[in-house]
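K.L.:
predicted model and sequence below, questions to follow.
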Amino acid sequence: MGYKFFWFALLSFFLLKENAIASDKVPYIVYLGEPPRLGGSNKALQYAMVAKSHFELLGSILGTLKAAENAIFYSYTQHINGFAATIDEETANRISKLPGVVSVFPSRKHELHTTRSWQFLGLESDGNVNSNSLWSKAGHGKDTIIGNLDTGYGQIF
């Protein structure tokens, strides 16, 4: 009976230690600036090449391409150049010192204030637009980008 308890305790220790190590890893965004201008008309191939460069960059820090593939969960390849990866603070600091890295910062979860933006901003009330509202004065946003909020990845954490 003593040996069974010993092996159970030893196995539990290693599993808890592994979970503690994994819990130090959090999502980070690595921003590399504008995506490279690649020639050719095959956009999918161009985006794949940019994403491959992300795996290679992180792989140079983590030691293997496979480790980088396991850490990166999104590559920004179209309008900006960068990636989102689950890494620890030490790795983030090492990446931030590489040439070509603009910034590295933790991804933070933000709660939405509303799903009724027009009312929240005072542009409408119950679907009606007041003639004195900013919405009316601004021509209902014609030819204007008011904002772009990407909440796609904040919800998985």
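P.N.:
Done, it's in.
K.L.:
how does the protein divide into domains?
P.N.:
Domain ranges of the chain: 23-106, 112-144, per the TED database.
K.L.:
from the ones you listed, which stretch is densest packed?
P.N.:
Most buried of these by mean neighbour count (mean count of other C-beta atoms under 10 Å) is domain 23-106; its value is a mean of 15. No exception for glycine: its C-beta is placed from N, CA and C like everyone else's.
K.L.:
point to the residue nearest the middle of this protein.
P.N.:
Note on the chain: the residue nearest the mean C-alpha position is residue 84, at 4.0 Å, using C-alpha atoms, centre = their mean.
K.L.:
hang on, the earlier thing: in JSON lines: the domains of the chain, plus mean pLDDT.
P.N.:
Below are these laid out as JSON lines (pLDDT from 0 to 100):
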{"stretch": "domain 23-106", "mean pLDDT": "91"}
{"stretch": "domain 112-144", "mean pLDDT": "74"}
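K.L.:
quick revisit: any figure for the gap between the residue nearest to the centre of the chain and residue 76?
P.N.:
8 Å (C-beta to C-beta, to the nearest Å).
K.L.:
which residues do these two both contact?
P.N.:
Taking C-beta atoms under 8 Å, 6 or more residues apart in numbering as the contact rule, residue 84 and residue 76 touch no residue in common.
K.L.:
re earlier: so the nearest residue in space to the residue nearest to the centre of the chain that is not next to it in sequence, which state does it fall into?
P.N.:
Leaving aside its chain neighbours, residue 84 sits nearest to residue 74 (4.3 Å; criterion: C-beta to C-beta, 6 or more residues apart in numbering). What DSSP: H, G, I helix; E, B strand; the rest coil gives for residue 74 is strand.
K.L.:
same check, this time on the one 5 residues further on
P.N.:
Local secondary structure at residue 79 is given as coil here, using three-state DSSP.
K.L.:
residues in contact with it?
P.N.:
residue 35.
K.L.:
what are the ranges of the strands in the protein?
P.N.:
Counting by DSSP state E, the chain has strands at residues 26-31, 72-76, 82-87, 103-106.
K.L.:
got CSV for the ones you listed, with distance to residue 95 too?
P.N.:
Listed next are the strands of the chain as CSV, based on distance: least, C-beta to C-beta, whole Å:
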stretch, distance to residue 95
strand 26-31, 6
strand 72-76, 12
strand 82-87, 8
strand 103-106, 5
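K.L.:
check the separation of the first and last residues in stretch 29-45.
P.N.:
Terminal residues of stretch 29-45 lie 23 Å apart, using C-alpha to C-alpha, to the nearest Å.
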